[in-house]
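Colleague: No letters, just coordinates:
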Ligand code: ATP
Ligand code: MG
């Protein structure tokens, strides 16, 4: 039984003095990720994080949880044997019988240099053994099978099969952002990419209940729970938006309403970000995907923000975004029908090239600060954690 997991990260991500912080956060996140799955211990090795599993641990589940932990480049289920190559040789035949390969290499590394054989000698010794057992040829470049050995102070780790993670940075090392989460396909993917680079996402969702049903709230809630799998704790701020929309439609012509809705969303999201220690906003916009996402409209929307609005999907095609949303699990929820606040009181063809002068004129008659303050008073907070319970 494989009782150990070897987890590796990209060394390039680890420049200088950030390394200890990075590794500490990664191991803390991994500990949280595998709670309740039968992992006995998470420990630090030389440029790796290890896990020791209890007997009967749920490997498929553990593997999935590790894969979803950002900062993990790749990982391997491993055997741990004593500090003796004969123990490795006792283990290999049954493992090798389960695998088909015509070429192989041994890649040994001594984390503990007190072990009497050098890596080179381990490679040769075990290489000859495997050749004799299987008839396979040694091939250093692109072998069918790579057999890894890591000699540690208290035993030798032996492993074969690489599982790839997403890489990136451990969530928590890159600050906090406030992601504008609709019920749609794009914004959960945008938030996921920000988490992948190590930032914690807080979420804000604007809804038009009671003018419409609660379907968008339910979707935003479910999407937040799904994304919490990647960052372990989340906050979702639900903001009633119907009143603001009603105030806008009184004086603003239909073609400009979406742009004004967005400007109000940004104002409110930014106020929430400041209050809850987030340093940037995140949206799921991609250039020219819909009318509100032209450069002109993005310019007019950005004009109300003091903090950066990050748009990780700006250069993505829709089909690429869909692929990622399927990969990360949010797609089936995103495509459920909902009553989205932004489709209320807006024409099929909103303005494509809004201009700031017109927008300022339209907003001049609105009590902007009061509208924002009133919405902020009605905000509802939901908290999420993973693993649940
Ligand atoms: P999505 O698939 O994320 O809904 P979309 O392609 O439908 O995006 P828009 O409706 O133009 O695009 O929304 C652009 C972005 O504005 C969204 O990605 C999201 O970040 C934000 N947004 C839109 N509606 C809401 C909402 N009701 N609550 C919070 N954020 C929203
Ligand atoms: Mg949408």
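Modeller: Done, it's in. Being a predicted model, the structure only gives us computed values, none of them experimental. Ligands and ions are numbered 1, 2, ... in the order given.
Colleague: Please make it C-alpha for all contacts and neighbour counts, starting now.
Modeller: Will do.
Colleague: quick one: low-confidence parts of the chain?
Modeller: 1, 11-15, 389 (pLDDT under 70).
Colleague: Close to ligand 1: what parts of it are there?
Modeller: Near ligand 1, the residues belonging to the chain are 180-187, 204-207, 283-285, 292, 341 when assessed by C-alpha under 6 Å from any ligand atom.
Colleague: at 5 Å what do you get?
Modeller: Counting by C-alpha under 5 Å from any ligand atom, the residues of the chain close to ligand 1 are 180-182, 184-187, 205-206, 283-285.
Colleague: Throw these into CSV and include secondary structure, thanks.
Modeller: Output for the residues of the chain next to ligand 1, formatted as CSV (DSSP: H, G, I helix; E, B strand; the rest coil):
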residue, secondary structure
180, strand
181, coil
182, coil
184, coil
185, coil
186, helix
187, helix
205, strand
206, strand
283, coil
284, coil
285, coil
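Colleague: Which of these ranks first by neighbour count?
Modeller: residue 181 (29 neighbours; other C-alpha atoms under 10 Å).
Colleague: Okay, buried residues for the regular element (helix or strand) spanning residue 219 please.
Modeller: Per DSSP states H and E: residue 219 is located in helix 215-228. The neighbour-count check on helix 215-228 (16 or more other C-alpha atoms under 10 Å) flags 215-217, 219-228 as buried.
Colleague: Need the contact partners of whatever helix or strand residue 271 lives in.
Modeller: According to DSSP H and E, residue 271 maps onto helix 254-275. Helix 254-275 has contacts (C-alpha atoms under 8 Å, 6 or more residues apart in numbering) with 177-178, 180, 204, 206, 245, 248-249, 279-281, 292, 297, 300-302, 304-307, 342, 345-347, 349-351, 354, 359, 372, 375-376.
Colleague: List the contacts of the residue nearest to residue 189 when sequence neighbours are not counted.
Modeller: Nearest residue to residue 189 in three dimensions, chain neighbours excluded: residue 325, at 5.9 Å (C-alpha to C-alpha, 6 or more residues apart in numbering). By C-alpha under 8 Å, 6+ apart, residue 325 lies in contact with 185-186, 188-189, 331.
Colleague: and with 10 Å instead?
Modeller: By C-alpha atoms under 10 Å, 6 or more residues apart in numbering, the contact set of residue 325 is 185-190, 192, 319, 331-334.
Colleague: of the contacts of helix 254-275, buried ones?
Modeller: 177-178, 180, 204, 206, 245, 248-249, 280-281, 292, 297, 300-302, 305, 342, 345-346, 350-351, 354, 359, 372, 375-376.
Colleague: the helices in this protein, which residues?
Modeller: For the chain, the helices defined by DSSP state H cover 19-33, 59-67, 85-97, 119-134, 186-196, 215-228, 242-251, 254-275, 295-302, 318-328, 331-334, 356-363, 368-377.
Colleague: Let me know which of those helices is tucked in deepest.
Modeller: Among those, helix 186-196 has the highest mean neighbour count (mean count of other C-alpha atoms under 10 Å), at a mean of 25.
Colleague: Give the other helices and strands that that helix contacts.
Modeller: Packed against helix 186-196 by the contact rule (3 or more C-alpha pairs under 10 Å, 6 or more residues apart in numbering; DSSP states H and E) you find strand 176-180, strand 200-207, helix 215-228, strand 280-282, strand 309-310, helix 318-328, helix 331-334.
Colleague: Run the angle between that helix and helix 215-228 for me.
Modeller: 20 degrees (axes from the mean of the first three to the mean of the last three C-alpha atoms, to 10 degrees).
Colleague: 163 is where my numbering starts, stick with that
Modeller: From this message on, residue numbering opens at 163, which makes the last subject helix 348-358.
Colleague: so how far is helix 348-358 from its chain's centroid?
Modeller: 7 Å (C-alpha atoms, centre = their mean, to the nearest Å).
Colleague: Stretch 317-329 too?
Modeller: 21 Å.
Colleague: go on, stretch 250-265?
Modeller: 35 Å.
Colleague: Residues in contact with that stretch: which ones?
Modeller: Contacts for stretch 250-265 (C-alpha under 10 Å, 6+ apart): 241-244, 247-248, 288, 291-293, 295-309, 311, 318-322.
Colleague: Just the buried ones from the residues you listed?
Modeller: Here, 16+ other C-alpha under 10 Å leaves 241-243, 247, 288, 292-293, 298-300, 305-309, 311, 318-322 buried among these.
Colleague: Just the ones of those in strands?
Modeller: The members of the buried ones among the contacts of stretch 250-265 that map onto strands under DSSP state E are 241-243, 299-300, 307-309, 311, 318-321.
Colleague: what angle sits between the helix holding residue 433 and strand 362-369?
Modeller: Using the same axes, to 10 degrees, helix 416-437 lies at 140 degrees relative to strand 362-369.
Colleague: how far off helix 518-525 does helix 416-437 point, in degrees?
Modeller: Using the same axes, to 10 degrees: helix 416-437 against helix 518-525 is 80 degrees.
Colleague: For residue 365, which residues count as its bridge partners?
Modeller: residue 341, residue 398 (DSSP bridges).
Colleague: now for stretch 249-267, what's the gap between its first and last residues?
Modeller: 19 Å (C-alpha to C-alpha, to the nearest Å).
Colleague: so what are the domain limits for the chain?
Modeller: 166-326, 338-547 (automatic domain parsing).
Colleague: Please name the residues that touch the most far-flung residue of the chain relative to its centre.
Modeller: In the chain, residue 294 marks the outermost C-alpha relative to the chain mean, sitting 44.9 Å out by C-alpha atoms, centre = their mean. With contact taken as C-alpha under 10 Å, 6+ apart, residue 294 is in contact with residue 288.
Colleague: rerun that using 7 Å as the cut-off
Modeller: Contact partners of residue 294, counting by C-alpha atoms under 7 Å, 6 or more residues apart in numbering, are absent.
Colleague: Quick one: neighbours of residue 170, just the number.
Modeller: Counted with other C-alpha under 10 Å, residue 170 comes out at 21.
Colleague: I'd assumed residue 208 was in contact with it.
Modeller: No. Here residue 170 does not reach residue 208: they are 9.9 Å apart, not a contact under C-alpha atoms under 7 Å.
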